[in-house]
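**Student:** Only the shape, not the letters, is given here:
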């Protein structure tokens, strides 16, 4: 943890977070990881949520389950610790829940303990749950949604049922947010017609509009999404620090992303560990070098996220630090706006500056600096 964040944590440690206004609270989340936040305010969270259990329904559409794996890989806190501290009842998550469907040991099961369909029906009827959607939703073929059928029910219909009584909807990952990889341009794209929950690529009006459901959605894009982005956003909703829908216009950007994690005025490039190489015009042209990755297709100057500050894998590293060009997976046009992934983007640099010009300026500046240094040495008779 950086010195600045440590000092901020010390300052906030003496402040009752329940009395913070929403903007201050969200800024605090932006500066902290999930572990720091939950540990710093553990007593207050327990007190605030002692008698208020939150139900969470996590549905999977067309996806690779990578965002769930990202959350499950969170080490401090892990998912179970986070759910316990936030007093969350994970009612349903297809990958990790134990319900076996309508048959068990050869017999028909008709209770919610073992039949997930009945469990979801009862949950939807009771309402007061947060809906998390991971994965896109196919509208095709011909508006039927039958490119994804689970238990003889299209996922399009499942989303309609789940969304109606949800108190908040969170779309986790690029696919749920904007359609992601499944919605990439292809010969079958019109037939499959994959959509995000509230957006289709960068166009507002995803599957909810198709279903005639007018509800706000919080988007947590990424391929996958960072565990902190997911857990801290859910924590803010659960603790009432993000009021849905009242606060969303001020706390979310134009594409439904929490500004604190996806700052409109900040890109990954700003704090990239390799930024110094860009400024000096030192660009790698083969994978494995130490320089700037722009010529290898890095899209960090167009990716609005705090990856370079928050980092990944327990705040140890991130894509560019590990040698992988940023592919701007948090942006609404991903992957089409990032393709080809590992090719320099039309020979333009940050703010339209030509990369070759950047290199020449950097080399020229280095030469001038070397010349000044030489003059000084001669003046001293060295």
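**Tutor:** The structure has been received and is ready for your questions. Note that the coordinates shown come from a computational prediction; the quantities given were computed from them, not determined experimentally. Residues are numbered from 1 along each chain as shown.
**Student:** Strands along the stretch 51-200 of the chain, start to end?
**Tutor:** Per DSSP state E, counting those that start in this stretch, the stretch 51-200 of the chain carries strands over the ranges 54-60, 88-93, 103-104, 107-108, 129-134, 137-138, 149-150, 153-154, 166-172, 194-195, 199-200.
**Student:** The first one packs against which elements?
**Tutor:** In terms of contact count using 3 or more CB pairs under 8 Å, 6 or more residues apart in numbering; DSSP states H and E, strand 54-60 is assigned the packing partners strand 88-93, helix 116-126, strand 129-134, helix 155-164. The way it works is simple: take the backbone N, C-alpha and C, and place the C-beta from them, glycine included.
**Student:** Ok, the fifth one next?
**Tutor:** Using 3+ CB pairs under 8 Å, 6+ apart as the contact criterion, the secondary-structure elements in contact with strand 129-134 are strand 54-60, helix 155-164, strand 166-172, helix 173-178, helix 227-238.
**Student:** Would you format the ones you listed as JSON lines with mean neighbour count, distance to residue 306 and mean pLDDT included?
**Tutor:** As requested, the helices and strands packed on strand 129-134 are exported to JSON lines (neighbours: other CB atoms under 10 Å; distance: least, CB to CB, whole Å; pLDDT from 0 to 100):
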{"stretch": "strand 54-60", "mean neighbour count": "21", "distance to residue 306": "24", "mean pLDDT": "95"}
{"stretch": "helix 155-164", "mean neighbour count": "20", "distance to residue 306": "29", "mean pLDDT": "97"}
{"stretch": "strand 166-172", "mean neighbour count": "24", "distance to residue 306": "17", "mean pLDDT": "97"}
{"stretch": "helix 173-178", "mean neighbour count": "32", "distance to residue 306": "16", "mean pLDDT": "98"}
{"stretch": "helix 227-238", "mean neighbour count": "25", "distance to residue 306": "9", "mean pLDDT": "90"}
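**Student:** Could you export those as CSV, including distance to residue 280?
**Tutor:** Compiled in CSV, these are given as follows (distance: least, CB to CB, whole Å):
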stretch, distance to residue 280
strand 54-60, 45
helix 155-164, 49
strand 166-172, 38
helix 173-178, 33
helix 227-238, 31
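**Student:** Out of these, which is closest to residue 285?
**Tutor:** For the helices and strands packed on strand 129-134, the distance to residue 285 is smallest for helix 173-178, at 28.3 Å, taking CB to CB.
**Student:** gap between the closest one and the chain center?
**Tutor:** Averaging C-alpha positions (CA atoms, centre = their mean, to the nearest Å) puts helix 173-178 9 Å from its chain's average.
**Student:** wait, doesn't residue 30 sit right on residue 261?
**Tutor:** Yes: using CB atoms under 8 Å, residue 30 is in contact with residue 261, at 6.6 Å.
**Student:** Please report how far the closest residue to residue 247 other than its chain neighbours lies from residue 202.
**Tutor:** Excluding its sequence neighbours, the residue lying closest to residue 247 (CB to CB, 6 or more residues apart in numbering) is residue 22, at 5.7 Å. Between residue 22 and residue 202 the distance, using CB to CB, to the nearest Å, works out to 27 Å.
**Student:** Tell me who's in contact with the nearest residue to residue 271 once chain neighbours are set aside.
**Tutor:** The spatial neighbour of residue 271 that comes closest, neighbours along the chain excluded (CB to CB, 6+ apart), is residue 308 at 3.8 Å. With CB atoms under 8 Å, 6 or more residues apart in numbering as the criterion, the residues that contact residue 308 are 268, 270-273, 300, 318, 320.
**Student:** Most neighbours among these, which one?
**Tutor:** residue 300 (28 neighbours; other CB atoms under 10 Å).
**Student:** follow-up on the earlier one: so which of the strands of the stretch 51-200 of the chain is nearest residue 178?
**Tutor:** Closest approach to residue 178 among the strands of the stretch 51-200 of the chain is made by strand 199-200 (4.7 Å; CB to CB).
**Student:** Show residues contacting the closest one.
**Tutor:** 177-179, 183, 205-206, 219, 255-256, 332.
**Student:** Would you list the strands that it pairs with, along with their directions?
**Tutor:** In the sheet, strand 199-200 lines up against strand 203-204 (antiparallel) (DSSP bridges).
**Student:** okay, residue 30 and residue 261: which has more neighbours?
**Tutor:** Neighbours per residue (other CB under 10 Å) separate residue 30 from residue 261, with residue 261 holding more: 26 against 17.
**Student:** Am I right that the more buried one is in contact with residue 304?
**Tutor:** No: Residue 261 is not in contact with residue 304 according to CB under 8 Å; the separation is 9.3 Å.
**Student:** To residue 138, which of the helices and strands packed on strand 129-134 lies closest?
**Tutor:** With CB to CB, the closest approach to residue 138 among the helices and strands packed on strand 129-134 belongs to helix 155-164: 7.2 Å.
**Student:** got the helices and strands packed on strand 54-60 as CSV, with distance to residue 230 columns?
**Tutor:** Converted to CSV, the helices and strands packed on strand 54-60 look like this (distance: least, CB to CB, whole Å):
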stretch, distance to residue 230
strand 88-93, 12
helix 116-126, 20
strand 129-134, 8
helix 155-164, 18
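**Student:** So which of those is nearest residue 279?
**Tutor:** Shortest separation from residue 279 across the helices and strands packed on strand 54-60 is recorded for strand 129-134, at 38.1 Å, computed as CB to CB.
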